[in-house]
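S.K.: here's a sequence, model it:
(2 chains)
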There are 2 protein chains.
Amino acid sequence: MTAETLRLGIAGLGTVGTGVLKLVGEHADLISQRAGRRLVVTAVSARDRSKDRGVDLTGPAWFDDPVQLARDADVDVVLELIGGADGVAKTVVETAIAQGKPVVTANKALLAIHGPALAAAADRAGITLAYEAAVAGGIPAIKGIRDGLAANPLTAVFGILNGTCNYILTEMRESGREFAEVLAEAQALGYAEADPRFDVDGIDAAHKLAILAGLSFNGRIAFDDVHVEGIRPIAAVDIAYAEELGYRIKLLGIARRGSAGSNRVEMRVHPCLVPLDTPIATVEGVFNAVVATGGPVDQIMMVGRGAGAGPTASAVVADVIDVARGFRAPALGMPTGTLPDLAPVPMDERFGAYYVRLRVIDRPGVIADIGAAMRDEGVSIESFLQKGRATVGGTVPVILVTHECAEASLRRALGPIAGSATVVDDPVVIRIEPLAA
Amino acid sequence: MTAETLRLGIAGLGTVGTGVLKLVGEHADLISQRAGRRLVVTAVSARDRSKDRGVDLTGPAWFDDPVQLARDADVDVVLELIGGADGVAKTVVETAIAQGKPVVTANKALLAIHGPALAAAADRAGITLAYEAAVAGGIPAIKGIRDGLAANPLTAVFGILNGTCNYILTEMRESGREFAEVLAEAQALGYAEADPRFDVDGIDAAHKLAILAGLSFNGRIAFDDVHVEGIRPIAAVDIAYAEELGYRIKLLGIARRGSAGSNRVEMRVHPCLVPLDTPIATVEGVFNAVVATGGPVDQIMMVGRGAGAGPTASAVVADVIDVARGFRAPALGMPTGTLPDLAPVPMDERFGAYYVRLRVIDRPGVIADIGAAMRDEGVSIESFLQKGRATVGGTVPVILVTHECAEASLRRALGPIAGSATVVDDPVVIRIEPLAA
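M.R.: Numbering: from 1, shown residues only, chains lettered A, B, ... in the order given. The predicted structure is shown next:
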């Protein structure tokens, strides 16, 4: 080992930062042999110096200000593990790039919103901006797509990108319980945050999808173009009916490139019915999955733990090893100057099948009215499910599954249905995704 | 794009070589943008110049002798796509390394048998020896382990490493037909070779396993240390009984590192019963899967097409893009000088459960005799299955599932059983693999 030591500055000592410290400490020899040089943490920064994090902090220099850490002359690589789309995390990354220092970050919000600008700055500076840990935790999805699938013109990338939602949906299915109860349990077990909105409303998954799509399709994506729905509307009855129909409900992030030559891309996060015999349907609990499709490779699926100190630290340190080895690829897979802006495909244009749950007053003619409204918009119905008789307030759930249609047609048909005196509550609409290549 | 063109010499124009030519031709712009420089095929070599391969060969220089191609001054990177553990493929790779030229190869036999020596030569020459295409076709398993999981002390790597076997087992299960019939069909469809031995006898999977184990555990492996069994002994009845017991039969390659500090490693390819609810059980048909376990990442599974022109070309060109970008890692993940020799764990030491199928003469006392022989060796039986009555020749199949025991004990118990007058044919033994981390 002749190359000199690589000196790491860790900004942020939460779960991930502490995990990285532990990992590079416990497996220092293995990592340095694989990296070709020794890694040493020379600087750390966090808000509270007195907090006991269960790691030895006597070696590295302490910085109250992570921006000063990024400027420190004894730091070769800056690990931004603070989080948040703006504020100090962004300043730390910008400062490191301005100093010509490689940056490794686990910050999905930052990358989803400011990725194209930061990537351009990193490319201009000729340094690495690495973010394997920002997407799907321990799964090497970024390297898999950027390096492993680099020869393929990818046409779609999708996956289970939020372990909290997948855990909740799995638990709901296995126990038959409702969302609120399972969420409360997940919070008690530490699988869900006290403020669960980022997870259960799909925002976290949307951040990861935006990053994956930008890399897979080599384009600039505006995060606001991602259509986002969460899992709160899913009821136990939906999961049970889905199984009966041969599907499992998953919160997926899906990005699909338009026809060749077009710069339009579907980008959406929402619950889906996926066929039970699709591999991704078998990815359960806190596990994540990333699927990339297109080109001669056809399709690759990667499955692993999407969060947690260990898996995320694994991804952060893998990026550091890349830096140590001298690997450098453009942050978005090709030089940022050549990247087109990718325009979103409006959801109205989605063409596919739908699962619709309505709560109706159980009296003659209701089904006929619904059928007529669908017919008037050219939406044909594959199956109707109604089980049991009216319960609470004389209402009963009715499930209908449509044939493939434009989403705009379905929405138009649902207008009068939702407004009808016999339909109680808003319709719950779940898209059916065959997930064919 | 300021860097100069990277000039490729392709030795071997079979399915893979032709696939690479097509891929770099059809997606030249995308690949050059991702690679950061233009790739041009300047030389090709194959046995028969007159054969129509459906690709334009007017551009590159033709070499009858691939060793001359490796020496050609207009070739920067040598793609060895000839195949075979020895002979000209090996000479081509050695020549390229001696010339200081990076090598990309899809040759699993070569790497499995001569990998450590070639890796050492490549390291001494300071050049890349890349072999993503040698394992699991389009799945970026080598990069996934070498780069994506570089921070993890892996303890096990296993997978479905032969698509032909997985296709045959899937077909046998779905149709209830026997091995010979399904093999013949697979040969007619082009999913199996005219000489199927490399595939169905497990040798191809063993080559890939040896490569994965050497990389995952950073050690030198002697290919002959891999225990190899194929799928010929599997009968339709085994697949049916396995399902009934909650298992699916897969040909797996499994490498498992001994306790920390030990340089012993289990390396074995054989049919397994894997629990139906294990993700790898859902990988069907021609698909491959690679699972790596250990360290903070816990476990990662990668699934994709394990063979064919497109997926294999995808992997070859990804390696070329690495070379173009200037990525260089030691071929075995760390400098070859530091790699220990890994010693095999004898199969007798395997500790686990077993499925055993016996064909017995249907008369009183047979089950008692089998039970006694097992008891005498301390092997306890979890379940006995016998269905129906004697058919051909008055014999009936008996299935027994053992609790966990040392394989040596089971073999000792089976000695007198197989020798008994009431047991016809050799016992069929299939290992049960829970595949827990």
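S.K.: need the strands for the stretch 201-350 of chain A, in chain order.
M.R.: A:227-228, A:247-257, A:264-275, A:287-293, A:299-305, A:343-344 (DSSP state E, counting those that start in this stretch).
S.K.: need those in JSON lines with mean neighbour count and distance to B:P344, can you?
M.R.: Any C-beta I mention is one placed from the backbone N, CA and C, and that applies to glycine too. What follows is the strands of the stretch 201-350 of chain A, written out as JSON lines (neighbours: other Cβ atoms under 10 Å in any protein chain shown; distance: least, Cβ to Cβ, whole Å):
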{"stretch": "strand A:227-228", "mean neighbour count": "19", "distance to B:P344": "52"}
{"stretch": "strand A:247-257", "mean neighbour count": "24", "distance to B:P344": "41"}
{"stretch": "strand A:264-275", "mean neighbour count": "23", "distance to B:P344": "42"}
{"stretch": "strand A:287-293", "mean neighbour count": "26", "distance to B:P344": "32"}
{"stretch": "strand A:299-305", "mean neighbour count": "25", "distance to B:P344": "29"}
{"stretch": "strand A:343-344", "mean neighbour count": "16", "distance to B:P344": "55"}
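S.K.: which among those is found nearest to chain B?
M.R.: Chain B sits nearest to strand A:299-305 of all the strands of the stretch 201-350 of chain A, at 4.2 Å, using Cβ to the nearest Cβ.
S.K.: got the strands of the stretch 201-350 of chain A as a markdown table, with distance to B:L189 columns?
M.R.: Output for the strands of the stretch 201-350 of chain A, formatted as a markdown table (distance: least, Cβ to Cβ, whole Å):
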| stretch | distance to B:L189 |
| --- | --- |
| strand A:227-228 | 41 |
| strand A:247-257 | 31 |
| strand A:264-275 | 25 |
| strand A:287-293 | 24 |
| strand A:299-305 | 20 |
| strand A:343-344 | 42 |
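S.K.: those into TSV, with extra columns for distance to chain B and mean pLDDT?
M.R.: Below are these laid out as TSV (distance: least, Cβ to the nearest Cβ, whole Å; pLDDT from 0 to 100):
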stretch	distance to chain B	mean pLDDT
strand A:227-228	27	98
strand A:247-257	12	97
strand A:264-275	12	97
strand A:287-293	8	98
strand A:299-305	4	97
strand A:343-344	20	95
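S.K.: for B:V316, find the nearest of those.
M.R.: Closest of these to B:V316 is strand A:299-305, at 15.4 Å (criterion: Cβ to Cβ).
S.K.: return the list of strands paired to that closest one, each annotated with direction.
M.R.: Sheet pairing of strand A:299-305 (DSSP bridges) gives strand A:287-293 (antiparallel), strand B:299-305 (antiparallel).
S.K.: now those in a markdown table, with distance to A:V77?
M.R.: Listed next are the strands paired with strand A:299-305 as a markdown table, based on distance: least, Cβ to Cβ, whole Å:
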| stretch | distance to A:V77 |
| --- | --- |
| strand A:287-293 | 25 |
| strand B:299-305 | 24 |
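S.K.: so for B:Q33, which of the ones you listed sits nearest?
M.R.: Minimum separation from B:Q33 across these (Cβ to Cβ) falls at strand A:287-293, 17.9 Å.
S.K.: residues in contact with the closest one: which ones?
M.R.: A:135-137, A:139, A:141, A:144-145, A:149, A:152, A:154-163, A:166, A:212, A:216, A:279-280, A:283, A:299-307, A:435, A:437 (Cβ atoms under 8 Å, 6 or more residues apart in numbering or on different chains).
S.K.: return the distance of that strand from the chain's centre.
M.R.: Using Cα atoms, centre = their mean, to the nearest Å, the mean C-alpha position of strand A:287-293 is found 10 Å from that of the whole chain.
S.K.: please identify which of the strands paired with strand A:299-305 is closest to B:R325.
M.R.: Across those, B:R325 has its closest neighbour in strand A:287-293 (19.2 Å, Cβ to Cβ).
S.K.: buried ones among the contacts of strand A:287-293?
M.R.: Buried members of those, counted by 16 or more other Cβ atoms under 10 Å in any protein chain shown: A:135-137, A:139, A:141, A:144-145, A:149, A:152, A:154-163, A:166, A:212, A:216, A:279-280, A:283, A:299-307, A:435.
S.K.: looking at the contacts of strand A:287-293, which are in helices?
M.R.: The helices, defined by DSSP state H, take in A:A141, A:G163, A:N166, A:L212, A:S216 from the contacts of strand A:287-293.
S.K.: residue contacts, the first one?
M.R.: By that I understand A:A141. By Cβ under 8 Å, 6+ apart, the contact set of A:A141 is A:E132, A:V135, A:G159, A:L212, A:V290, A:M302.
S.K.: could you say which helix or strand holds the residue located most distally from the centre of chain A?
M.R.: Most distant residue from the mean C-alpha position of chain A: A:P364, 44.4 Å away (Cα atoms, centre = their mean). A:P364 is part of no helix or strand when elements are defined by DSSP states H and E.
S.K.: quick check: pLDDT value at it.
M.R.: A:P364 is assigned a pLDDT of 80 by the prediction.
S.K.: over to A:A437?
M.R.: As predicted, A:A437 sits at a pLDDT of 43.
S.K.: what do you get for A:A390?
M.R.: 66.
S.K.: buried ones in stretch A:228-243, by neighbour count?
M.R.: Residues A:V228, A:E229, A:G230, A:I231, A:R232, A:P233, A:I234, A:A236, A:D238, A:I239, A:Y241, A:A242 are the ones in stretch A:228-243 that count as buried (16+ other Cβ under 10 Å).
S.K.: count the neighbours of A:T422 for me.
M.R.: A count of nearby residues for A:T422, using other Cβ atoms under 10 Å in any protein chain shown, gives 17.
S.K.: is it in contact with A:R363, as I believe?
M.R.: Yes - the pair A:T422 / A:R363 is scored as a contact, 6.8 Å apart, by Cβ atoms under 8 Å.
S.K.: around chain B, pick out the residues from the stretch 251-400 of chain A.
M.R.: A:279, A:282-283, A:295-305, A:309-311, A:313-315, A:317-318, A:321-322, A:325-330, A:333-335, A:338 (Cβ under 8 Å from any Cβ of the partner chain).
S.K.: go again with 6 Å.
M.R.: Contact residues (Cβ under 6 Å from any Cβ of the partner chain) of the stretch 251-400 of chain A with chain B: A:279, A:282, A:296-298, A:300-305, A:310-311, A:313-314, A:317-318, A:321, A:325, A:327, A:329, A:333-334, A:338.
S.K.: how much space between A:E178 and A:K250?
M.R.: 18 Å (Cβ to Cβ, to the nearest Å).
S.K.: repeat for A:R375
M.R.: Distance, A:R375 to A:K250, by Cβ to Cβ: 30 Å.
S.K.: rewinding a little: wait, which of the strands paired with strand A:299-305 is closest to A:T5?
M.R.: Using Cβ to Cβ, the nearest of the strands paired with strand A:299-305 to A:T5 is strand B:299-305, at 28.9 Å.
S.K.: for the closest one, give me every contacting residue.
M.R.: A:298, A:300-304, B:137-139, B:141, B:144, B:279, B:283, B:287, B:289-293, B:311, B:437 (Cβ atoms under 6 Å, 6 or more residues apart in numbering or on different chains).
S.K.: returning to what we had before: quick one, which of the strands paired with strand A:299-305 is nearest to B:K208?
M.R.: Taking Cβ to Cβ, strand B:299-305 is the member of the strands paired with strand A:299-305 nearest to B:K208, at 13.0 Å.
S.K.: pull the CA atoms of that closest one into CSV?
M.R.: C-alpha atoms of strand B:299-305 as CSV (Å, rounded to 0.1, in the frame of the first residue of the first chain):
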residue,chain,number,x,y,z
GLN,B,299,-27.9,-9.3,2.5
ILE,B,300,-28.3,-8.2,-1.1
MET,B,301,-29.9,-10.2,-3.9
MET,B,302,-29.5,-9.5,-7.6
VAL,B,303,-31.7,-11.1,-10.2
GLY,B,304,-31.5,-11.0,-14.0
ARG,B,305,-30.8,-12.9,-17.2
